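Enquirer: Sequence first, predicted coordinates after that:
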Amino acid sequence: MNIYVLLKRTFDTEEKITIGNGRIEDDSAEFIINPYDEYAVEEAIQLRDEHGGEVTVVTIGEEDAEKQLRTALAMGADKAVLINTEDDLEEGDQFSTVKILEAFFEDKEADIILAGNVAIDEASGQVGPRLAERLNIPYVTTITSITVENETVNIERDVEGDVEKVQTSLPLLVTCQQGLNEPRYPSLPGIMKAKKKPLEELELDDLDLDEDDVEAKTKTIEIFLPPEKEAGKVLEGDIDQQVKELVSLLRTEAKVL
């Protein structure tokens, strides 16, 4: 089984975000594998162990993303691919990402592609579904369970607190949700083996693409933090007094009445 995982390098979830001149300042930030992508890597490894084949993790970005690819290899993935856009793509968006991935998968025979449900930095959730549309294969989002029997795939997916059961077939793209599995930590032997596993680096030229082909269709005008919340108020007195005070506050301060 040919299994691919779409991986993104994102801020550490414990990082304090600093905004300057309408842009995120990331010079000193720590980066990790997008947490939802970790579920995808873990599930890919489990599928390979059960059905055979190999797991290839793919990311788009700069050379610094090699660290996250090596982490995925240490977890148990077999191969990694870095599509380096450092010199060719100054500002990209979901269109850019999907255009590059579509070209990458053009000559690949993927049985299943796994991705995170969303990336924690932009949280658009667009890349997986848009890529599946371009590749003309089925896709199922926010999965919490998956079993493969020959060409038949049975899936459970999260639908706002409930569970939907879906049956589909390979080839297939899925996006992974919390609850699907518990991602493993790279072991010391895994880390040592990862250093010898193949990590291929490609550029846009290798995919017969140029800058105009992947030019972003959207533009970020400004990034800003939400305003700080004001301290709450505790209403005192009996119920009638509290209701009168609440109505007064809604009318005079919140101005919603």
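Expert: Good, I have the coordinates.
Enquirer: what's the pLDDT at Leu199?
Expert: With respect to pLDDT, Leu199 scores 96.
Enquirer: cool, Asp88 as well?
Expert: Listed pLDDT for Asp88 reads 81.
Enquirer: now do the one 10 residues further on
Expert: In this model, Val98 is scored at 96, pLDDT.
Enquirer: next one: Gly22
Expert: Predicted confidence (pLDDT) for Gly22: 67.
Enquirer: start at 43 instead
Expert: Okay, using 43 as the starting number, the last item reads as Gly64.
Enquirer: Tell me how many other residues crowd the closest residue to Tyr181 other than its chain neighbours.
Expert: Leaving out its chain neighbours, the residue that sits closest to Tyr181 by C-beta to C-beta, 6 or more residues apart in numbering is Ala174, at 3.5 Å. To be clear about C-beta, it is placed using only N, CA and C from the backbone, and glycine gets the same treatment. Around Ala174 there are 22 other residues, counting by other C-beta atoms under 10 Å.
Enquirer: in a strand, that's where Ala174 is, yeah?
Expert: No: counting by DSSP: H, G, I helix; E, B strand; the rest coil, Ala174 is not found in a strand; it is helix.
Enquirer: That one contacts Pro213, doesn't it?
Expert: No: counting by C-beta atoms under 8 Å, Ala174 sits too far from Pro213 to count as a contact (9.4 Å).
Enquirer: so what sits against both of the two?
Expert: Residues touching both Ala174 and Pro213 (C-beta atoms under 8 Å, 6 or more residues apart in numbering): 155, 180.
Enquirer: Might you report the residue contacts of Pro231?
Expert: Counting by C-beta under 8 Å, 6+ apart, Pro231 makes contact with nothing.
Enquirer: on that earlier part again, if I look at the residue nearest to Tyr181, how far off is Asp120?
Expert: Separation of Ala174 from Asp120 (C-beta to C-beta, to the nearest Å): 23 Å.
Enquirer: and what of Lys275?
Expert: Counting by C-beta to C-beta, the gap from Lys275 to Asp120 is 58 Å.
Enquirer: In terms of neighbours, single out the busier of those two.
Expert: Shown here are Lys275 and Asp120; by other C-beta under 10 Å, Asp120 has more neighbours (16 against 10).
Enquirer: List the residues that contact that one.
Expert: With C-beta under 8 Å, 6+ apart, Asp120 has these contacts: 90, 96-98, 239.
Enquirer: and which of the residues you listed is nearest to Lys261?
Expert: Distance to Lys261 across these (C-beta to C-beta) is lowest for Thr98, with 32.2 Å.
Enquirer: Quick check: that closest one touching Leu124?
Expert: No: contact criterion C-beta under 8 Å: Thr98 and Leu124 do not qualify, at 11.5 Å.
Enquirer: what about the helices in the chain?
Expert: Under the criterion DSSP state H, helices of the chain are mapped to 77-93, 108-117, 136-147, 169-177, 230-236, 281-294.
Enquirer: Next, format those as CSV and append distance to Ala258.
Expert: Converted to CSV, the helices of the chain look like this (distance: least, C-beta to C-beta, whole Å):
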stretch, distance to Ala258
helix 77-93, 22
helix 108-117, 22
helix 136-147, 5
helix 169-177, 14
helix 230-236, 33
helix 281-294, 43
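Enquirer: Comparing those helices, which yields the minimum mean pLDDT?
Expert: helix 281-294 (a mean of 89).
Enquirer: What helices and strands are in contact with that helix?
Expert: Contact here means 3 or more C-beta pairs under 8 Å, 6 or more residues apart in numbering; DSSP states H and E; on that basis helix 281-294 packs against no helix or strand.
Enquirer: Show me how far that helix is from its chain's centre.
Expert: Relative to its chain's centre, helix 281-294 lies at 45 Å (C-alpha atoms, centre = their mean, to the nearest Å).
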